[in-house]
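In: sequence plus the predicted model coming up.
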Amino acid sequence: MLILKLSKKANKEIFYKLNGLAGRSKFFDRLYIFWARDFLAVFLFLALVAYLWPGLVEVINLNRSRIVAVFLISCFSWLLSVLIKYSHFTPRPYVKKDAKSHILLKKHKHSPAFPSGHAAIFFAVASSLSLFVPFLSVLMFVIATIISASRVITGLHWPIDLLGGAVVGTAIPLIIYAIL
C-alpha cells in the first residue's frame with residue numbers, strides 16, 4: 001500500500017514538473033501540441049511515402065515487407081492499449097480540474113488515459129526497428145520519448161500512462177519476434 005501511495009505521489013510530481021513547461025511560451029506550446037497530437041499524421045505520411053517509393057529505404061535495410069510488419073505490429077500494440085484502456089478506466093489529468101495544471105489539449109472527458117496509445121504506437125515502431133535497423137531505432141526511441149513527454153506537458157496524460165504505453169509498445173514486437 002505504501003508503494004502505491006508513493007507511486008501516485010511521484011506520478012503527480014512528475015506530471016506537475018513536465019506540465020509546468022506549458023503556458024510559458026506560445027512557440028513552445030505550439031511545438032508541444034505538434035508533437036503530442038499532429039506528429040502521428042506526419043509520421044504516417046512519411047511511412048506511406050517510404051512504402052510507395054521503391055528503393056528509398058532499402059538502402060538502410062528496410063524494405064516494403066518490413067515496413068508492413070512494423071505497421072502491423074504498431075497497430076496490434078495500439079489495439080492492445082485500447083483494450084487495456086477500456087477494461088480499466090483511468091481519468092485524464094484535466095478531469096480533476098486542478099488549478100496547478102496547464103491544459104493545452106483535451107479529449108472527451110470519458111476517454112481513458114492508461115495506457116497511452118501514442119506511446120504504444122511509437123515505442124512499438126522503435127522496438128520493431130531495433131530488430132531491422134538498430135541505428136534508426138535509436139532515433140525512433142528519442143521521438144517516442146519526445147511525443148510521450150509532450151503528451152504530459154499538454155495535459156493529456158499522467159506519466160504512468162506513458163510508461164504503460166511504452167511497456168506495451170516495446171514488449172509486443174519483442175514477443176512477436178521471439179515467437180516467430
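Out: Arrived safely, thanks for sending.
In: name the nearest residue to the residue nearest in space to the middle of the chain, ignoring sequence neighbours.
Out: Centroid-nearest residue in the chain: residue 119, 1.7 Å away (criterion: Cα atoms, centre = their mean). In space, and not counting its chain neighbours, residue 119 is closest to residue 165: 2.8 Å by Cβ to Cβ, 6 or more residues apart in numbering. Where you see a C-beta, it was placed from the backbone N, CA and C, and this is true even at glycine.
In: list the contacts of the residue nearest to the centre of the chain.
Out: Taking Cβ atoms under 8 Å, 6 or more residues apart in numbering as the contact definition, residue 119 lies against 81, 144, 147-148, 151, 161-166, 168-169.
In: now, those residues that are in helices?
Out: 81, 144, 147-148, 151, 161-166, 168-169 (DSSP state H).
In: give the rounded mean pLDDT of the helix or strand hosting residue 83.
Out: Taking DSSP states H and E as the definition, residue 83 sits inside helix 64-87. The average pLDDT within helix 64-87 is 89.
In: now stretch 110-119, how far from the chain's geometric center?
Out: 9 Å (Cα atoms, centre = their mean, to the nearest Å).
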